[in-house]
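1. Here's a sequence, model it:
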Amino acid sequence: MDAVNSLSSSTRWGMVLTGLVQGFLCYLLTVYLIPKHSGWMFYALPGSLALSSVVLFSVVSFKQRALWVWSALILAVVLGMGGWLKSSISAEDSWRQYAILWNYGWCLILMMLLVLPWMQYRLQAEPGVTRYAHFYTQQWQNILTLLLIAIANGLVWLILLLWSGLFKLANIEFFNKLFFETEWFVYLVIGLVTSLTVILARQHPRLIVAIQKLLTLIATGLLPLVSLLVLLFLLTLPLTGLSVISQRISTAGLFSVLALIQLLLTAMVWEPHKPQLGYPRALRYLIQTAIIVTPVYPLLAGWALWLRVGQYGWSAERLQGALVVIVLVVWSVGYLISLLRHRQNPCASMGKIHLGVSLLGLTLLVLLHTPVLDSWRISVNSHMARYQSGKIKADQISLYMLSHSGKPGREAMLALQKDPEFIKDAKRKRELTQLLNGDLGTAQLTAAMLAKNVMVTSGSLPPDKSLWDAVIEQHYRVESCRETDSCVLVSQDLNGDGQPEQVLYAFGDNALLVFSRDERGWEFKAETTLPEGVTKAVLLKAVREGKVGAKPKAWRDITLGDETVVLEYRR
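-> Below is the predicted model:
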């Protein structure tokens, strides 16, 4: 019989119904509830997906009390994390909330992969199978089932695309509208295909085992190469130094990836109940040596990360990187101890390390979505502490980071609004106000505002509305023109045709823009950054003294008959 854990007919129908209900629920939430009450994004949607995933991957019988206890516990945790996350970003716009929900969803998938084997060990007990052997098998099955779900959905929608396309050639639009414009159909098909794929994978584990064996064989061939790479690269580090690497790429990221690849390949190849790796002795010693020195990489990554924290303080990415380093250190040191203490058969000890690392990773992921390890709060507090201690100046404060740090970042920006040192610069004050108001000011810059705020020097052409309309098209370059007398307009003939161009000096944005007029009206022609030392006072003095001129360029373009080759010369 192909199925090891055969599912009853009622259980299979229950799983199909679960997939359909989940698809219909996603349709209701995303189409009807979320646009009106965005809080549902972080409560019902992730919670329902987590609950249905647990049921599909773990159920043996819907009458199991333990299944519903586990499901209720997971649902409560997911809803709690989602509620806290929602409260942290309540002031964010909807697009930002969608992006955060997307990242939150990927974290939930990783959490699910870590927690499912523990559930399945309780719900799908196999006598005589150790916890780690069950964990190893189920982890493979869960990961490959997710891969099959993605492939199955992709193939189904490719078939439906072909289906609708063929009938569309015959001027029959019904199927195209049903498959791709009827939203309830889309969600129901995805839910149905997902549930059927999970049933297929669980009813026919030999299919999963075959794919697992193929991937394990590939990993078996890659492990010696990676081990040799790990050893050779470590030997070259004393000769090259870390500074050469840090100039090109993140040192902490590189070392963490190298350690992770070595550890993952080892975990894939070193199966439970296998006392030694199935390699020739020379290759086995090579791999074991690489495993022994692997802890050096996460330790170096942690050291490089600590230097960055000392230079720039904590950020959300550095905190997450530090947690990854902690997991890799525990994992690699655990392997090292297992090899040193149990040289003949380290497999049992390494199995315990895998179980411990999975629990550690799951715990850290959950804490990241709670106030305990709030990466936004930690990074904002670190950034503001550096400013208050004088390590960074007001112009070094990252408003971008604060505006993307949820509630803690908004509270920090509100505090900066009352800081005299920070708001004494008009441009910083304007950017801060715009971020707090939730807009970038693009829709409020008008021709009337420019006509009122921009200073026109004596002797210059009077600007008309068409000029201001051309300036507004470049609004992101002249945001400082919101402030009175922050911008100055000077008329100057720059191409020798006898018709003056309009030159706009935006001192708050450190920019100079040139506008030229033709039969269609004013048009943006050129821009540059103002040189250091060119201030409003310097410009006005040059205008009064008649020293505003134009210098011809020494290098010219090339003409080939009637054709002109425009050259961009390096300065």
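2. ok, Trp223 touching Ala267?
-> Trp isn't right for residue 223; it's Leu. No: using C-beta atoms under 8 Å, Leu223 makes no contact with Ala267, being 10.3 Å away. For the C-beta atoms, the positions are set from N, CA and C on the backbone; glycine is no exception.
3. And those two? Which one has more around it.
-> Taking neighbours as other C-beta atoms under 10 Å, Leu223 and Ala267 compare with Leu223 leading, 25 against 19.
4. Quick one: residues contacting the closest residue to that one other than its chain neighbours.
-> The shortest distance from Leu223 to any non-neighbouring residue, by C-beta to C-beta, 6 or more residues apart in numbering, is to Leu265 (4.5 Å). Leu265 sits next to Ala219, Leu222, Leu223, Val226 when contact means C-beta atoms under 8 Å, 6 or more residues apart in numbering.
5. ok, the first one - contacts?
-> What it means is Ala219. By C-beta under 8 Å, 6+ apart, the neighbours of Ala219 are Leu265, Met268, Val269.
6. Can you tell me which helix or strand of the protein has the lowest average pLDDT?
-> Ranked by mean pLDDT, DSSP states H and E, the weakest helix or strand in the chain is helix 242-246, scoring a mean of 76.
7. Tell me which helix or strand comes right after that helix, heading toward the C-terminus.
-> helix 251-269 (DSSP states H and E).
8. Next, the buried residues of that following helix.
-> 251-252, 254-263, 265-269 (16 or more other C-beta atoms under 10 Å).
9. Go ahead and flag the most central residue of this protein.
-> Asn103 (6.5 Å; C-alpha atoms, centre = their mean).
10. quick check: mean pLDDT across the host helix or strand of that residue?
-> For Asn103, the element it lies in under DSSP H and E is helix 94-123. What helix 94-123 shows for mean pLDDT is 85.
11. orientation of whichever helix or strand comes after it relative to helix 251-269 in degrees?
-> Using DSSP H and E, the next helix or strand after helix 94-123 towards the C-terminus is helix 131-169. For helix 131-169 against helix 251-269, the angle by axes from the mean of the first three to the mean of the last three C-alpha atoms, to 10 degrees is 100 degrees.
12. who does the helix or strand following helix 131-169 touch, helix- and strand-wise?
-> Remark: after helix 131-169, the chain's next helix or strand is helix 174-176, criterion DSSP H and E. For helix 174-176, the packing partners by 3 or more C-beta pairs under 8 Å, 6 or more residues apart in numbering; DSSP states H and E come out as helix 131-169.
13. Check which helices and strands the helix it packs on sits against.
-> Using 3+ C-beta pairs under 8 Å, 6+ apart, helix 131-169 sits against helix 94-123, helix 174-176, helix 183-203, helix 205-240, helix 347-368.
14. Which of those sits closest to Gly546?
-> Of all the helices and strands packed on helix 131-169, the one in closest proximity to Gly546, counting by C-beta to C-beta, is helix 94-123 (51.1 Å).
15. Quick check: buried residues in that closest one?
-> Neighbour counts over helix 94-123 (16+ other C-beta under 10 Å) mark 97, 100-101, 104, 108, 111-121, 123 as buried.
16. quick one: it to helix 131-169, angle?
-> Using the same axes, to 10 degrees: helix 94-123 against helix 131-169 is 130 degrees.
17. now helix 94-123, how far from the centre of its chain.
-> Centre-to-centre, helix 94-123 and its host chain are 15 Å apart (C-alpha atoms, centre = their mean, to the nearest Å).
18. try stretch 550-570
-> Relative to its chain's centre, stretch 550-570 lies at 45 Å (C-alpha atoms, centre = their mean).
19. what do you get for stretch 211-229?
-> Distance, centroid of stretch 211-229 to centroid of chain: 29 Å (C-alpha atoms, centre = their mean).
20. So what's the model's average confidence on that stretch?
-> 94.
21. picking up where we left off before, highest average neighbour count across the helices and strands packed on helix 131-169?
-> helix 183-203 (a mean of 19; mean count of other C-beta atoms under 10 Å).
22. helix or strand right after the helix or strand harbouring Phe24?
-> Using DSSP H and E, Phe24 sits within helix 9-28. Moving toward the C-terminus from helix 9-28, the next helix or strand (DSSP H and E) is helix 44-58.
23. just checking, what packs against the helix or strand that that following helix is followed by?
-> Next in sequence after helix 44-58, counting helices and strands by DSSP H and E, comes helix 65-88. In terms of contacts (3+ C-beta pairs under 8 Å, 6+ apart), helix 65-88 is packed against helix 44-58, helix 94-123, helix 406-416.
24. which of the residues in the shortest one are buried?
-> The one in question is helix 406-416. Quick answer for helix 406-416 (16+ other C-beta under 10 Å): Gly406, Lys407, Pro408, Gly409, Arg410, Glu411, Ala412, Met413, Leu416.
25. Nearest to Val548 among the residues you listed?
-> For the buried residues of helix 406-416, the nearest to Val548 is Leu416 (37.8 Å; C-beta to C-beta).
26. Now name the helix or strand holding the residue lying closest to the closest one once chain neighbours are set aside.
-> Spatial nearest neighbour of Leu416, chain neighbours left out: Phe422 (4.8 Å); criterion: C-beta to C-beta, 6+ apart. If you go by DSSP H and E, Phe422 is part of helix 420-423.
27. could you say what helices and strands that helix packs with?
-> Applying 3+ C-beta pairs under 8 Å, 6+ apart, we find helix 420-423 packed against helix 426-437.
28. quick one, what contacts Ser71?
-> Leu51, Val54, Val55.
29. now do 6 Å
-> Ser71 sits next to Leu51, Val54 when contact means C-beta atoms under 6 Å, 6 or more residues apart in numbering.
30. next one: Leu234
-> Leu234 touches Val293, counting by C-beta under 6 Å, 6+ apart.
31. Which pLDDT value belongs to it?
-> So Leu234 comes in at 91 (pLDDT).
32. Distance of the residue nearest to the centre of the chain relative to Leu368?
-> 11 Å (C-beta to C-beta, to the nearest Å).
33. With Tyr121 instead?
-> The value you get for Tyr121 to Leu368, if C-beta to C-beta is used, is 25 Å.
34. what's the answer for Pro272, then?
-> For Pro272 relative to Leu368 (C-beta to C-beta), the value is 30 Å.
35. before we move on, the earlier item: could the helices and strands packed on helix 65-88 go into a markdown table alongside distance to Leu207?
-> Formatted as a markdown table, the helices and strands packed on helix 65-88 follow (distance: least, C-beta to C-beta, whole Å):
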| stretch | distance to Leu207 |
| --- | --- |
| helix 44-58 | 16 |
| helix 94-123 | 18 |
| helix 406-416 | 44 |
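36. Just want the phi and psi numbers for the closest residue to Tyr569 other than its chain neighbours.
-> Nearest residue to Tyr569 in three dimensions, chain neighbours excluded: Trp555, at 4.9 Å (C-beta to C-beta, 6+ apart). Phi and psi for Trp555, reported as degrees, to the nearest 10, are phi -100, psi 140.
37. Would you check that Trp555 makes contact with Val566?
-> No: between Trp555 and Val566 there is no contact under C-beta atoms under 6 Å: 11.4 Å.
38. so how far is Tyr285 from Leu264?
-> 21 Å.
39. do the same with Asp497
-> 80 Å.
40. pLDDT value on Arg386, please?
-> The predicted local confidence for Arg386 is 92.
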